[in-house]
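# model the structure of this input:
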Amino acid sequence: MSEENNNYEHDEELTNENQSENTETITKVTGMYKDWFLDYASYVILERAVPSIEDGFKPVQRRIMHSMKDLDDGRYNKVANIVGHTMQYHPHGDASIADAMVQMGQKELLIDMQGNWGNILTGDRAAASRYIEARLSKFALDVVFNAKTTEWQLSYDGRKKEPVNLPVKFPLLLAQGAEGIAVGLSTKILPHNFNELIDASIKYLKGRSFTIVPDFLTGGVADFTNYSDGKRGGKVRVRAKISQLDKKTLVITEIPFGTTTTSLIDSILKANDKGKIKIKKIEDNTAADVEIVVHLPPNISPDKTIDALYAFTNCENSISPLCCIIEDNKPIFIGVSEVLKKSTDFTVELLKRELEIQLNELEEQWHFSSLERIFIENRIYRDIEEQETWDGVIEAIDKGLAPHVTHLKRAVTEEDIVKLTEIRIKKISKFDIDKAKQFIESLEEKIAEVKHHLDNLIEFAIDYYKELKAKYGKGKERKTEIRIFDDIVATKVVMRNAKLYVNREEGFIGTSLKKDEFVSDCADIDDIIVFKEDGKMLVTKVGSKTFVGKGIIHIAVFKKKDKRTVYNMMYKDGTRGPSYMKRFNVTSVTRDKEYDLTNGNKGSKVLYFTANPNGEAEIVTVLLRAVGSIKKLKWDIDFADLAIKGRSVRGNLITKQSIKKIEFKEAGVSTLKPRKIWFDDTVKRLNVDERGELLGEFKAEDKILIVSQSGKAKAVTPDLAMHFTNDMIVLEKWKPKKPISAIYYDGHKERYFVKRFLLESTDKEEVFITDHEKSQLQIVATDYRPVVEIVFSKRSLPRMEVNFEDFISIKGIKAVGNQLTAAKIRTINFLESLPYEEEPEEVPVEEVTENVENVEEDAVERPSNMVSKEDKAKKALENAIKKKKEGDDESQTALF
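The predicted model follows:
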């Protein structure tokens, strides 16, 4: 019974506890949250994510370096052991330490690695920490550590001492770069070139201006135009290095920073699946160097594909730098130039402290050596033989030294005397006064040298940086090519991955109208231009099905800023108005806005319309209705006699009579001027914006000549999307009858040869030197009658003058040529070419201006109360025609 009561009481207690637990209590956490969050944010910013300006390390990196120094004995240590040792200083898990150490090692600056440390090119991870080994590099041992100038603090558990900051005498933060995400802020400092940082530090010490830009281990090409000194808001564009192996193959040899070959290939395959680009297959042959081979299908432009790769894949990326560092336990945002200045100032200060420590040590050494010499040379040690107490010994030595210490730089202390008593008898017996004097003199020379360095600290720091560059700068040349990028218009390089259809009766266009009329291939990002028979024009984005209005007379893919496409149009103004003709192009519009190409009168109708991609002007026949006493019912009009104007002009009067129909009679030629093309060497691209060197005026059939240092030549049609290799040595307008002259070294016969040839085929790259691996092109000339001077390596050989025209006749491109010499050539100098009169080129077709008497100015462009000279001339002509009574055909007052 008592047991049951006990159980009951126990159950009652549990019930009371549950009731108390269910009671709601309100606790305000505002203050706690504020304090806790601030503490957490400060910890993450200061102790985890953001590097210090003093040494350029995050705490975990600093502790790794300190641990490696602790364990350093010149041999490799397993990374797992280093990670375990670092955990004495770092209050976090081993995984974070191992990952940080691998990232430091992959930057190839501070850690000497052994084993599989992963690959920054392919993205492969490092092997487990128990399988890989590491030790400090010689550079790290020279630059990062000095116990005498290091400030120490207790570790997180108070058992060990760790450095507050390591005494790094180099802008390490900029060399390695840094990236971290903290609470409320982040940092992204891009890596810079080792040698360029040293050069910039030297310039700063000399008081000269400097500029530094990033350099990436992955190489590639970068545009630093908007780098903004690495501050917030800056931007860096990076691209892969892509070259054309042949017409069907592209090779990627360097990748952009922040990508791997795996991610790059994935982005290319995704773009291919979406139809943005077209590739046949892709191969990854990356080993020590990047090699991604992209195979193209037939009839796909390699140049256009290169631009498409930049536009739609990770072959081009944009990086936003953000330089945030810790200074005086606070995060600050500064530029990389300021980081370099602060780092250089720290280095100078550390060098000064090292010199001061070294000076103090040398002076102490000189002081004791001098005391030792006095002590032994004057046999003061004999004065202590009769002393019975330690104090007596000290006093006797002090008394014996007194007459001889006047030249010392400081007073003799008891500690000095104690050290004298510790000299062994063996050393006293073998003491050499001459050697002692020489040693003291050498110390005096070193002291003088250190004092000189202190007096000339800036020069000493400059010499220090130069020594660093000489010792460690080899093999650290810039890997990322600096270039200014041109903007790639996505619509111009995207592959046509859709088909455009039109339903003219119902007024629909789109990619899903597969049962209706096919227009052309298009891309899903294209704009479509539509012209209707009522004279309305509209530009709209391509869609699956879009209503644009009935009466469609022309539809095409719209090319923005296209001045080459010219539209020829004739229209009737209103139901009973006169008929006009006009030529215009459409360069820019507002999407989905309807434009009226007529005068805007109700009932206007397009009578004739053509779109001409190269400005062609046809001849048409106008037929009038036989109404009244009109005698001339038919005549021809040539659009070439009409100037190209804007789309909003009214146009020229054709006739005031009713037109029965307009018939096409004869195709014409382009009325556009030959296009001037420039080559901008900065971006290695052609342009029509007057940037760079003018190559010439080009008609549709003209080509450019390209010759490369590898001995290849081709003549191709100029295309603004073309890419050019870095070894290109000739780029000019090609003249088919102009010979190409060359001197090359034949690796087979080990001799120099001269040849002159004409390109036998166009749009095909041909090799004009022999295929031996040692064959090398020396010079190439494209003048008609070039002359060069040969300077031989052997000074006893006289210089040779070569007139190509006399030396060899023009032969085929595959011909070996005539032997020049077997002697080694040092240089070849171009002399003034012999005169040659070129055949005059055909006069290019100029744009035809309008006849004065036929100008019908738009009322919008000229007020109605102003009468121009053209209007007066036209009126006079009309009156003359009426007087002669040649008929009532008012069309004779028009163009013809």
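# could you look up the SS state of Ile440?
helix (DSSP: H, G, I helix; E, B strand; the rest coil).
# who's in contact with the residue most central in space within the chain?
For the chain, the residue nearest the mean C-alpha position is Ala222 (1.2 Å; C-alpha atoms, centre = their mean). Contacts here follow C-beta atoms under 8 Å, 6 or more residues apart in numbering; on that basis Ala222 touches 213-214, 216, 236-239, 257, 480-483. To be clear about C-beta, it is placed using only N, CA and C from the backbone, and glycine gets the same treatment.
# check Gly574 too.
599, 601-604.
# ditto for Leu71
77, 81-82, 85 are the contacts of Leu71 under C-beta under 8 Å, 6+ apart.
# show me which of the contacts of Gly574 are buried.
599, 604 (16 or more other C-beta atoms under 10 Å).
# in helices, which of the contacts of Gly574 fall?
Among the contacts of Gly574, none falls in helices (DSSP state H).
# next, the buried residues of stretch 237-248.
Buried residues in stretch 237-248 (16+ other C-beta under 10 Å): 237-242, 244.
# kindly report the same for stretch 250-264.
For stretch 250-264, by 16+ other C-beta under 10 Å, it's 250-252, 254-261, 264.
# least confident pick among these?
Minimum pLDDT for the buried residues of stretch 250-264 is recorded at Gly258 (90).
# can you tell me, leaving aside adjacent residues, what's nearest to that residue?
Closest residue to Gly258 apart from its sequence neighbours, by C-beta to C-beta, 6 or more residues apart in numbering: Asn317 at 5.9 Å.
# can I assume the one you found sits in a strand?
Yes: using three-state DSSP, the assignment for Asn317 is a strand.
# measure it to Arg232 for me?
Distance, Asn317 to Arg232, using C-beta to C-beta, to the nearest Å: 19 Å.
# sorry, back to before: the residue nearest to the centre of the chain sits in which helix or strand?
Following DSSP states H and E, one finds Ala222 within strand 221-223.
# any idea which helix or strand comes after that strand?
strand 236-239.
# hey, C-alpha coordinates of the following helix or strand past that next one in PDB?
Heading C-terminal from strand 236-239, the first helix or strand you meet, by DSSP H and E, is strand 241-246. What follows is strand 241-246, C-alpha atoms only, in PDB (Å, rounded to 0.1, in the frame of the first residue of the first chain):
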ATOM      1  CA  LYS A 241      43.100  32.300 -75.000                       C
ATOM      2  CA  ILE A 242      41.600  30.700 -78.100                       C
ATOM      3  CA  SER A 243      43.400  30.000 -81.300                       C
ATOM      4  CA  GLN A 244      42.400  28.600 -84.600                       C
ATOM      5  CA  LEU A 245      44.200  25.400 -85.500                       C
ATOM      6  CA  ASP A 246      42.400  25.100 -88.900                       C
END
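# helices and strands around strand 241-246, which ones?
Judged by 3 or more C-beta pairs under 8 Å, 6 or more residues apart in numbering; DSSP states H and E, strand 241-246 is in contact with strand 249-254, helix 302-312.
# residues contacting the longest one, please?
In this structure, residues lying in contact with helix 302-312 by C-beta under 8 Å, 6+ apart are 239-240, 242, 244, 247-248, 250, 268, 271, 274, 276-279, 294, 296, 315-316, 488, 490, 492-495, 719, 721-723.
# now it - C-alpha only, PDB.
Extracted C-alpha coordinates of helix 302-312, given in PDB (Å, rounded to 0.1, in the frame of the first residue of the first chain):
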ATOM      1  CA  PRO A 302      35.700  29.800 -86.600                       C
ATOM      2  CA  ASP A 303      36.000  33.600 -86.000                       C
ATOM      3  CA  LYS A 304      32.300  33.800 -85.300                       C
ATOM      4  CA  THR A 305      32.500  30.800 -83.000                       C
ATOM      5  CA  ILE A 306      35.300  32.400 -81.000                       C
ATOM      6  CA  ASP A 307      33.200  35.500 -80.400                       C
ATOM      7  CA  ALA A 308      30.200  33.300 -79.500                       C
ATOM      8  CA  LEU A 309      32.300  31.400 -77.000                       C
ATOM      9  CA  TYR A 310      33.200  34.700 -75.300                       C
ATOM     10  CA  ALA A 311      29.600  35.800 -75.400                       C
ATOM     11  CA  PHE A 312      27.800  32.700 -74.200                       C
END
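# could I get the average pLDDT for that helix?
Helix 302-312 carries an average pLDDT of 88.
# can you give me the helices for the stretch 351-500 of the chain?
390-401, 414-421, 425-429, 433-455, 457-472, 490-493 (DSSP state H, counting those that start in this stretch).
# and these as JSON lines, adding mean neighbour count, distance to Gly574 and mean pLDDT?
As requested, these are exported to JSON lines (neighbours: other C-beta atoms under 10 Å; distance: least, C-beta to C-beta, whole Å; pLDDT from 0 to 100):
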{"stretch": "helix 390-401", "mean neighbour count": "16", "distance to Gly574": "125", "mean pLDDT": "82"}
{"stretch": "helix 414-421", "mean neighbour count": "15", "distance to Gly574": "117", "mean pLDDT": "82"}
{"stretch": "helix 425-429", "mean neighbour count": "9", "distance to Gly574": "124", "mean pLDDT": "78"}
{"stretch": "helix 433-455", "mean neighbour count": "14", "distance to Gly574": "95", "mean pLDDT": "88"}
{"stretch": "helix 457-472", "mean neighbour count": "16", "distance to Gly574": "81", "mean pLDDT": "94"}
{"stretch": "helix 490-493", "mean neighbour count": "17", "distance to Gly574": "37", "mean pLDDT": "71"}
